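Novice: fold the stuff below for me.
(chains A and B)
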Amino acid sequence: MLGKGLLGIYLTVLVLLPIAALLAKSSTGGLNAFWREISNPEAVAAIKLTLIASVIVVVINAVFGTIIAWVLVRDEFPGKSVVNALIDLPFALPTIVAGVVLLALYGKDSPLGIDVAFTRAAVGLALLFVTLPFVVRSVQPVLLELDLAMEEAAASLGASPATVLRRIVLPTLAPAIISGVALSFARAVGEFGSLVLITGNLPFKTEAGSVYIFGQIQNENLAAAAAVSVVLLFAALLVLALLTFFLRRRSRHVL
Amino acid sequence: MAIEVDHVSKRFGDFVALENVSITVGDGALTALLGPSGSGKSTLLRIIAGLERPDSGEVVIGGEDVTQAPARTRGVGFVFQHYAPFKHMTVHDNVAFGLSVRKRPKDEIRGRVEELLGLVRLDGLAGRYPSQLSGGQLQRMALARALAVQPQVLLLDEPFGALDAQVRAELREWLRRLHEEIHVTTIFVTHDQEEAMEVAEQIVVMNRGRIEQAGAPRELYESPSNEFVMSFIGPVNRLGDAFVRPHDIQILAESDGTGTEALIERVVHLGFEVRVELKLHDGRELWAQVTREVANELELREGQILSVRLPAPRVFAS
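Specialist: Have a look, this model is predicted:
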């Protein structure tokens, strides 16, 4: 009982109250005002950019995160533990620092000759960087626990390596991949620090939802900021809910 | 299909798992690989299946050299120690896996799966998931899955190891009858000599990566070729360099001068069998196995001093 009460208070203070305040703020002008704010073309462009970029980023994450986890678990190579530790770097680095680093590496003075600053590619790049650990870290422990005998059984039944991957390994990893994807998506939708420098925040072009919100706050248009926040919040919640539902159905018999 | 393993060696780092091992298993035979853990029996089984590559030597199945062939082309059914169920698939889909990989028509698969589930007595459980089955049921599902593709060879790694005693006994009996029915060349790995004796037609006794002896159960018991086989198969008393089977020790009703004097330290009643722990007059300890009738007739009890006749002990050249 005490535990539940504490949990309730904790979550209320940290999650429910801020969300309630946000909802209250966004609805001060009524539904019409809310609708006006989120149908503002600049807001629409920013929300679209954030959502589309987030979807692309999580799809890339699902593929490469799984491959990275696979290599880290199944392959032996010198420096493996260093690479393994590097995966968490985006968690450890303040995202604004990540933005500075990305700008220095892939900006107009790029030592690599790759200049993506102030383009939509920069949005994707920054989001890929900050969301890298999610899929890797959720797939890794499952891969470690994966019964090798299951793959051997499939092989002895005549399955080619590709078939083993498709019919045995991936379905078993799917819940972990999905939960990593869900977290990546939520993170990408809310990401601000790493975007603000490298994207240039050009309205209708590279201005992400979070950056738009920041701009509106600076212009003291709190209603607009709150309205767009609510849209992003619900988009993230919707995706989390859908993926959790899917996850439940998939993993019912696996766990 | 007959199986021939010819001079196979395998190391894992510094550990020698198999050293120059050769065995021959006849077409349709039921063979046990018997040995303590670390004796290389599972490695040998995995090499036959193609799940491990030998460092040297050859594996021939049905006259064809398959040493370099991958597991999937060998036509070998393998049942894993912990069954390795595909947890995300139903029992039906587990059993159907090999057939669906071979792209057989749906109707054929359904019919075959039904037939196999009947054979392993899992009818009605086709829609269940592995997490909803007991150990014995998982074992039988794994067997059905391996048999579905009509393998030429069936390999089982410690097939009954993880089951409780009663289910084990049942499955043993059932495996033997199944083998009589379908007659596929079968090799199973076990560390339990009783299991090997009860189920197998031929036993290959392994120790430290080598084969100690191969033969019919009775042959191994009656004429073990070395100390290891003598003490691994059947109960044994060790008297210095010599070995004596407990049931070969005769307890005499009356001392006739030919026996050795012994003190009964303990009498353990195990039902039909009675185990009599003895101390000889020279201090050596051993135990004798007698029937309940003999124990009753002689009124054996602790502290009694009587006469025993020892058989000619077996001594192996080391």
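Novice: in a helix, B:Val60, correct?
Specialist: No - under DSSP: H, G, I helix; E, B strand; the rest coil, B:Val60 falls outside any helix and is assigned strand.
Novice: with adjacent residues omitted, what lies nearest to it?
Specialist: B:Glu4 (4.2 Å; C-beta to C-beta, 6 or more residues apart in numbering or on different chains). Every residue, glycine included, has its C-beta placed from N, CA and C.
Novice: now B:Asp248
Specialist: Leaving aside its sequence neighbours, B:Asp248 sits nearest to B:Pro311 (C-beta to C-beta, 6+ apart; 4.1 Å).
Novice: how about B:Val315?
Specialist: Once flanking residues are discounted, B:Val315 sits nearest to B:Ala242: 5.1 Å by C-beta to C-beta, 6+ apart.
Novice: what of B:Lys41?
Specialist: B:Leu33 (4.0 Å).
Novice: check the one you found and give its pLDDT.
Specialist: If you check B:Leu33, the pLDDT there is 96.
Novice: give the helix, strand or coil label for it.
Specialist: strand.
Novice: ditto for the one 10 residues further on
Specialist: Assigned state for B:Thr43: helix (three-state reduction, three-state DSSP).
Novice: for it, give me its contacts.
Specialist: B:10, B:17-18, B:52 (C-beta atoms under 8 Å, 6 or more residues apart in numbering or on different chains).
Novice: so which strand or helix has A:Val71?
Specialist: Per DSSP states H and E, A:Val71 falls inside helix A:41-74.
Novice: whichever helix or strand comes after that helix: how far from the chain's middle?
Specialist: Counting by DSSP H and E, the next helix or strand C-terminal to helix A:41-74 is helix A:80-86. The chain centroid and the centroid of helix A:80-86 are separated by 21 Å under C-alpha atoms, centre = their mean, to the nearest Å.
Novice: which is the succeeding secondary structure element to helix A:80-86?
Specialist: Following helix A:80-86 in sequence order, the next helix or strand is helix A:89-92 (DSSP H and E).
Novice: which stretches of the stretch 1-150 of chain A have low pLDDT?
Specialist: Nowhere does the stretch 1-150 of chain A drop to pLDDT under 70.
Novice: spell out which parts of it neighbour chain B.
Specialist: Within the stretch 1-150 of chain A, the positions adjacent to chain B are A:147, A:149-150 by C-beta under 8 Å from any C-beta of the partner chain.
Novice: looking at the residues you listed, which is nearest B:Ser231?
Specialist: Nearest to B:Ser231 among the residues of the stretch 1-150 of chain A next to chain B is A:Ala149, at 32.1 Å by C-beta to C-beta.
Novice: so who does that closest one touch?
Specialist: Here A:Ala149 is in contact with B:80-82, B:84 (C-beta under 8 Å, 6+ apart).
Novice: so can I have a markdown table of the residues you listed showing distance to A:Ala235, secondary structure and neighbour count?
Specialist: As requested, the contacts of A:Ala149 are exported to a markdown table (distance: C-beta to C-beta, whole Å; DSSP: H, G, I helix; E, B strand; the rest coil; neighbours: other C-beta atoms under 10 Å in any protein chain shown):
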| residue | distance to A:Ala235 | secondary structure | neighbour count |
| --- | --- | --- | --- |
| B:Phe80 | 45 | coil | 23 |
| B:Gln81 | 48 | coil | 16 |
| B:His82 | 43 | coil | 16 |
| B:Ala84 | 41 | coil | 25 |
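Novice: give me phi/psi at A:Leu148?
Specialist: For A:Leu148, the backbone dihedrals (degrees, to the nearest 10) come out as phi -60, psi -30.
Novice: could you do B:Phe188 as well?
Specialist: phi -130, psi 150.
Novice: check the one 4 residues further on too.
Specialist: With angles defined as degrees, to the nearest 10, B:Asp192 shows backbone torsions of phi -100, psi 110.
Novice: go on, B:Thr67?
Specialist: The phi/psi pair for B:Thr67 (degrees, to the nearest 10) is phi -50, psi -40.
Novice: what mean pLDDT does the helix ranked longest in chain B have?
Specialist: The single longest helix within chain B, with elements called by DSSP state H, is helix B:165-182. For helix B:165-182, mean pLDDT rounds to 85.
Novice: tell me which strands and helices it is in contact with?
Specialist: Helix B:165-182 sits against helix B:135-147, helix B:193-199, with contacts defined as 3 or more C-beta pairs under 8 Å, 6 or more residues apart in numbering or on different chains; DSSP states H and E.
Novice: between these, which gets nearest to A:Gly190?
Specialist: Proximity to A:Gly190 (C-beta to C-beta) singles out helix B:135-147 among those, at 44.7 Å.
Novice: tell me the angle of that closest one relative to helix B:165-182?
Specialist: Orientation of helix B:135-147 against helix B:165-182 (axes from the mean of the first three to the mean of the last three C-alpha atoms, to 10 degrees) gives an angle of 20 degrees.
Novice: any idea which helix or strand comes after helix B:135-147?
Specialist: Sequence-wise, the next helix or strand downstream of helix B:135-147 (DSSP H and E) is strand B:153-157.
Novice: so what are the sheet partners of that following strand and their directions?
Specialist: Paired neighbours of strand B:153-157 in the sheet (DSSP bridges): strand B:76-79 (parallel), strand B:185-190 (parallel).
Novice: who in chain B is up against chain A?
Specialist: So chain B meets chain A at B:49-51, B:70-74, B:76-78, B:80-82, B:84-88, B:97-98, B:101-102, B:129-132, B:142, B:145-146, B:148-149 (C-beta under 8 Å from any C-beta).
Novice: which of those count as buried?
Specialist: Buried by 16 or more other C-beta atoms under 10 Å in any protein chain shown: B:49-51, B:71-72, B:74, B:76-78, B:80-82, B:84-88, B:97-98, B:101, B:129-130, B:142, B:145-146, B:148-149, out of the residues of chain B next to chain A.
Novice: got CSV for the strands paired with strand B:153-157, with mean pLDDT too?
Specialist: Formatted as CSV, these follow (pLDDT from 0 to 100):
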stretch, mean pLDDT
strand B:76-79, 94
strand B:185-190, 95
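Novice: number of residues surrounding residue 39?
Specialist: All of this refers to chain A. 10 (other C-beta atoms under 10 Å in any protein chain shown).
Novice: the chain in question should be chain B.
Specialist: 25.
Novice: check B:Pro224 too.
Specialist: Burial of B:Pro224 is recorded as 23 neighbouring residues (other C-beta under 10 Å).
Novice: quick check, pLDDT for it.
Specialist: For B:Pro224, pLDDT reads 92.
Novice: once you drop chain neighbours, what's closest to it?
Specialist: B:Met230 (4.0 Å).
Novice: give me the neighbour count for that neighbour.
Specialist: Neighbours of B:Met230 (other C-beta under 10 Å): 22.
Novice: for it, give me its contacts.
Specialist: B:224, B:236, B:243, B:314, B:316 are the contacts of B:Met230 under C-beta under 8 Å, 6+ apart.
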